[in-house]
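In: need a 3D model of the following:
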Amino acid sequence: MPYYLYIVTTSEPSDKKSVSLVSEFDVFKAAKNEVKRLRAEQPLADNQIYKITFAGDTAEAEKSLTDHREEPIAKEWEK
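Out: Numbers count the residues shown, from 1 in each chain. Here you go, the predicted structure:
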């Protein structure tokens, strides 16, 4: 399964996410080096971030990046 590099954009009022595929890699190290280079050379707007995801195809990758996740509930002993 390949590694996908995306730009994830979050809309402020609704926290809805949109994704834009940047590139695809067979090896994690290559994906990690590319995202480090992009973060240094091409900074994004405040509501955007570069993300790497491991998935079977682009549809699965986009679903994992755009799914809403509940915030974890901190237990009393974790505070």
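
In: okay, and the beta partners of the residue positioned nearest the centre of the chain?
Out: With distances taken as CA atoms, centre = their mean, the residue of the chain nearest its centroid is residue 51 (2.8 Å). Residues in a beta bridge with residue 51, per DSSP bridges, are residue 6.

In: from residue 73, how far off is it?
Out: From residue 51 over to residue 73 the distance is 24 Å, taken as CB to CB, to the nearest Å. Backbone N, C-alpha and C define where each C-beta goes, glycine included.

In: what sits closest to residue 26 if chain neighbours are left out?
Out: With CB to CB, 6 or more residues apart in numbering as the criterion, residue 26 has its nearest non-adjacent residue at 5.8 Å, and that residue is residue 2.

In: can you show me the helices along the protein?
Out: For the chain, the helices defined by DSSP state H cover 28-41, 58-66.

In: between those helices, which one is nearest to residue 10?
Out: Closest approach to residue 10 among the helices of the chain is made by helix 58-66 (10.0 Å; CB to CB).

In: check the offset of the closest one from the chain's centre.
Out: Taking CA atoms, centre = their mean, to the nearest Å, one finds helix 58-66 lying 9 Å from the centre of the chain it belongs to.

In: same deal with stretch 41-48?
Out: Counting by CA atoms, centre = their mean, stretch 41-48 is centred 13 Å from the centre of its parent chain.

In: list the contacts of it.
Out: 7-12, 50 (CB atoms under 8 Å, 6 or more residues apart in numbering).

In: identify the farthest-apart pair in those residues.
Out: Using CB to CB, the contacts of stretch 41-48 span at most 19.1 Å, a distance reached by 12 and 50.

In: who's more crowded, those two?
Out: A direct count of neighbours by other CB atoms under 10 Å for residue 12 and residue 50 places residue 50 higher, at 17 against 8.

In: what's the distance between that one and residue 76?
Out: Using CB to CB, we find residue 50 at a distance of 36 Å from residue 76.
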